[in-house]
Structure formats: structure tokens, C-alpha cells
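>>> Model the following, please.
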Amino acid sequence: MPPSGPRRHNAGTIPHYMIGGTFMNEPGRLEAVDRADFEHTLHVALNTTDIREALQKPTAQVTAEQLRARALTAADTLAAETATEYAALLRLRTAAAPAPTGRPRQPTPATAGNGLLAALAVLTPALSAAAAAIFLLLGYGLQLAGAQQHLAISLIRAGWVAGAVAVLAAAAAGAALLITAARHRATSRNPQQDAASLAQAHAAWRQALLERGLLPFLRRELHHPPTPAPQSRPASPPAQRNASPGYSTPDFTGPSFPSRD
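The predicted model follows:
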């Protein structure tokens, strides 16, 4: 059986997630536009009552600037504590973003088919009504003139049929128009509602960042004094090479040779 345990990403790969059909970095990583909000929320956290009073004590082990520097260094780690709220904010921001301007969108087959149906819905009632009027005028005209009664009856029947087709086509076109308008009204975005939802998600993320990320981090770091820098040892003098074996001492008088007896 394969060993169980947390899955690790391969080296060089970065986990991604999808928001609004677009792959983005993992939620814990702050975007550049949100760095200013992070710093503003950090300023609010440093000015909370318990943090400010702890920093003002004579026994305080850190300063406000040291806490601020540590929080900025751990910004992505702290933002990961609010991954759910931050993902919701990014999703709404992506949905509210205007469509990028560029080359015109090419019509798809479905769009072309909808356009053809719309044209038929407009032309069919008009053409049927015109045909009905022509057939009825000719039929009743021939009937009044007393000539070609069979043709007159056929034209009158065709005229009434064309009139019925025009009425049915007009009713179908009106119903389709109402359905399309209702569907468009249901799916169309209200800019004011989008802005309100985005502002609400933004406020929820900042509140979660303050309560679950920054305040617990600052309270922990209050009890961790800065690590002192290691002191460098003085360099020892280099060892003398080829030191003389005592020839320069005051007691040296010269080399001693064994006497010959």
C-alpha cells in the first residue's frame, strides 16, 4: 500500500485554483492591489487597546516598528488565514470587472441561429399579413365583378389562411419577445448591486484578516524579543611560519659540538 500522508507539490510548481473560469494563484497570496489594505488593517491592529498598552509597558520586549516589519514579512502567511473570504472577494471582483476591449467578438453558430429566428419572427407576420390583404382584395374584387368565381373563392380562402398565419406568427413573436426580455432582465447585472456586494466582501475580508490573522500574530510576537545579532570573534594573529628553534634567544651562544677525547 502507498504510504499515507500529506501530498507535496513537485518542485517548481505553484498550486492554482480557478475563479470565474480563470486560473489564479492560491488564495493565500495577496494581490498587489490588496497590499495597501493589508497595511491599513495592520495599522488598525497595532492601535488596538491591548496591543498598544503592551507596547507602552516598560517591560515590552519589542517595539511597534518591529511588529510591523514582522507582519509585513509574513503578509502572505497571514492572508492564508482568510482564504475563504479572500477567494470570495476575488470572485466578485473578477465578475464586476468590465470586459476587456479588443477585437470584436466573432459570432458563434448559436448567435447566428438566434439572429435568423429573430428575423423570421419579424418577417413572417408582416409577409403573411401583406399576402392576406392582397388575396382578399383580389378574391372579393373578382367576386363582386362576377368573373372567375372559382378563382375568387380560392383567393379568398388563401387570404383568410394567410391572415390566420399572420395572427399566429405575431402571437408567437410577441411571446418570444416577452420571454427574451424576462430572461435578459433576470441575467443582467445591476451595477449598484455588484458594487454593494463587492464592498461587503471587501469589508468581510478585512475583518477576518484583523481577527484571525493579524491580532493573534501580533499577540504572539509580543513575547518574542528580537534575536540578537551574533558577535564576531576577533581574528587571531596568523601563525608564524618557519619559526626559529630558539636560535635568537639570549642564552644561545652557538652550536655545541661533541669534544674529541
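
>>> Which pLDDT value does the model give Leu210?
Leu210 is assigned 94 on the pLDDT scale.

>>> For the top helix by length along the chain, list every residue counted as buried.
Longest helix in the chain, counting residues (DSSP state H): helix 149-187. Residues of helix 149-187 classed as buried by neighbour count (16 or more other C-beta atoms under 10 Å): Ala152, Leu155, Ile156, Ala158, Gly159, Ala162, Gly163, Val165, Ala166, Ala169, Ala170, Ala173. Heads up, the C-betas are built off the backbone N, CA and C, glycines and all.

>>> So for stretch 80-96, what gets flagged as buried?
Those would be Ala80, Glu81, Thr82, Glu85, Tyr86, Ala87, Ala88, Leu89, Leu90, Arg91, Leu92, Arg93, for stretch 80-96 by 16+ other C-beta under 10 Å.

>>> Distance to Pro58, pLDDT and secondary structure added to these, as CSV?
What follows is these, written out as CSV (distance: C-beta to C-beta, whole Å; pLDDT from 0 to 100; DSSP: H, G, I helix; E, B strand; the rest coil):
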residue, distance to Pro58, pLDDT, secondary structure
Ala80, 35, 91, helix
Glu81, 32, 91, helix
Thr82, 35, 92, helix
Glu85, 38, 93, helix
Tyr86, 39, 92, helix
Ala87, 43, 92, helix
Ala88, 44, 92, helix
Leu89, 41, 91, helix
Leu90, 44, 91, helix
Arg91, 48, 91, helix
Leu92, 47, 89, helix
Arg93, 46, 88, helix
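
>>> Can you tell me which of these is nearest Ala204?
Nearest to Ala204 among the buried residues of stretch 80-96 is Glu85, at 5.2 Å by C-beta to C-beta.

>>> Run through who's touching the helix or strand that the longest helix of the chain is followed by.
Counting by DSSP states H and E, the element after helix 149-187 in chain order, helix or strand, is helix 191-208. Residues from elsewhere that reach helix 191-208, judged by C-beta atoms under 8 Å, 6 or more residues apart in numbering: 37, 41, 81-82, 84-86, 88-89, 92-93, 95-96.
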